[in-house]
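Visitor: Structure for this input, please:
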Amino acid sequence: MRLVEVLANLAEEGADRYTSRPGRSDESTAEGRVAVFLAGIADQLNADDGTVTGAALRRAAVSTGWKLLDESPDLHAAVAGGGTAGAWRLGDDLFGLLFRLFFGDFFSELLASALAEHLVGEVFAPDSDPVAHMTEWAARRIAAELPNPCQEKKARGHKEPLPVVARSLLEEVVNHLHGESPREGARAP
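Guide: As a prediction, this is how the structure comes out:
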C-alpha cells in the first residue's frame with residue numbers, strides 16, 4: 001500500500017518531497033540529486049529493513065524511480081538540475097504504468113534472489129543468464145496479470161480518485177491470493 005501513497009504524493013503534491021534528503025547523498029551534482037530522489041522513494045516504501053524482501057523492495061523502488069525519470073524528461077531535468085519539481089505532477093496513465101511495473105520488478109527481484117541462492121557456484125555460458133531470462137519473463141507475466149488502476153477507474157465511471165482505485169485493487173489481489181472471494185460487485189483479478 002505504501003507504493004500507492006508514493007504515487008498519490010507524486011500525483012497530488014509533485015516530486016519536491018523526494019528531492020531533498022539531508023544527509024543522504026551529495027546534492028551538489030546531478031547524479032547526487034537523482035540518487036537522493038531515488039532514495040527518497042525507496043525510503044518512503046520503508047525498503048531498508050535488512051531482509052531479502054526489503055532488498056527486493058528497494059531495488060524495485062529504484063528501478064521504478066528510474067522508469068519514472070525516463071518517462072518524464074521534465075521531472076528528470078528538474079531533479080537533476082536542482083530546481084523545484086513542484087509544478088510537475090504524475091498523470092493517471094503514468095500512475096497506472098508505474099503501479100504495474102513496480103510489482104513486476106518487485107516479484108522479479110524476489111525470484112532472482114531465490115534462484116541465485118540455489119544456483120551459487122553454477123557456471124553458465126557467457127551469453128546465457130538463466131536467472132535474468134526467468135526473472136524478465138516473470139516480471140512481464142506479473143505486470144500483464146495485475147489489474148490496471150487506470151482501466152478500472154474508467155470502468156467505475158471516473159467516480160473515485162486513482163489512488164483509491166489502486167488501493168482497492170491491491171486489497172482485491174491480496175484477498176484473491178489468500179483464497180477469499182472478491183467483495184460484492186468487484187471483479188476478480
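
Visitor: Low-confidence bits of the protein, can you list those?
Guide: Within the chain, the stretches with pLDDT under 70 are 1, 21-27, 47-48, 83-86, 116-131, 177-178, 180-189.

Visitor: The longest helix seen in it: what's the following helix or strand?
Guide: The longest helix of the chain (DSSP state H) is helix 92-118. Note on helix 92-118: by DSSP states H and E, the next helix or strand toward the C-terminus is helix 130-145.

Visitor: all helices of this structure, in order?
Guide: Counting by DSSP H, the helices of the chain are 2-12, 30-44, 52-71, 73-81, 92-118, 130-145, 149-155, 162-177.

Visitor: Closest to the centroid, which residue in this structure?
Guide: Taking Cα atoms, centre = their mean as the criterion, residue 102 is the residue nearest the geometric centre of the chain, at 3.0 Å.

Visitor: That one: what's its closest spatial neighbour, skipping adjacent residues?
Guide: Counting by Cβ to Cβ, 6 or more residues apart in numbering, the nearest residue to residue 102 once its immediate chain neighbours are dropped is residue 64, at 4.4 Å. Heads up, the C-betas are built off the backbone N, CA and C, glycines and all.

Visitor: State the number of residues packed around that neighbour.
Guide: The tally of other residues near residue 64 (other Cβ atoms under 10 Å) stands at 26.

Visitor: cool, and residue 9?
Guide: Residue 9 - counted by other Cβ under 10 Å - has 18 other residues nearby.

Visitor: now do residue 168
Guide: 18.

Visitor: returning to that earlier point: I'd like to know which of the helices of the chain is closest to residue 18.
Guide: helix 30-44 (3.4 Å; Cβ to Cβ).

Visitor: what helices or strands is that closest one leaning on?
Guide: Contacts defined by 3 or more Cβ pairs under 8 Å, 6 or more residues apart in numbering; DSSP states H and E place helix 30-44 against helix 2-12, helix 52-71, helix 73-81.

Visitor: Any chance of those helices in CSV with distance to residue 109 as columns?
Guide: Below are the helices and strands packed on helix 30-44 laid out as CSV (distance: least, Cβ to Cβ, whole Å):
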stretch, distance to residue 109
helix 2-12, 14
helix 52-71, 4
helix 73-81, 23
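
Visitor: Out of those, flag the one nearest residue 92.
Guide: Here helix 2-12 is closest among the helices and strands packed on helix 30-44 (Cβ to Cβ), at 7.8 Å.

Visitor: Would you mind pulling the contact partners of the closest one?
Guide: 17-18, 41, 44-46, 68, 89-92, 95, 98-99, 102-103, 162-163, 166-167, 170 (Cβ atoms under 8 Å, 6 or more residues apart in numbering).

Visitor: contacting residues for the residue nearest to residue 66 when sequence neighbours are not counted?
Guide: Closest residue in space to residue 66, ignoring its immediate chain neighbours: residue 38 at 7.1 Å, by Cβ to Cβ, 6+ apart. By Cβ under 8 Å, 6+ apart, the contact list for residue 38 reads 61, 62, 65, 66.
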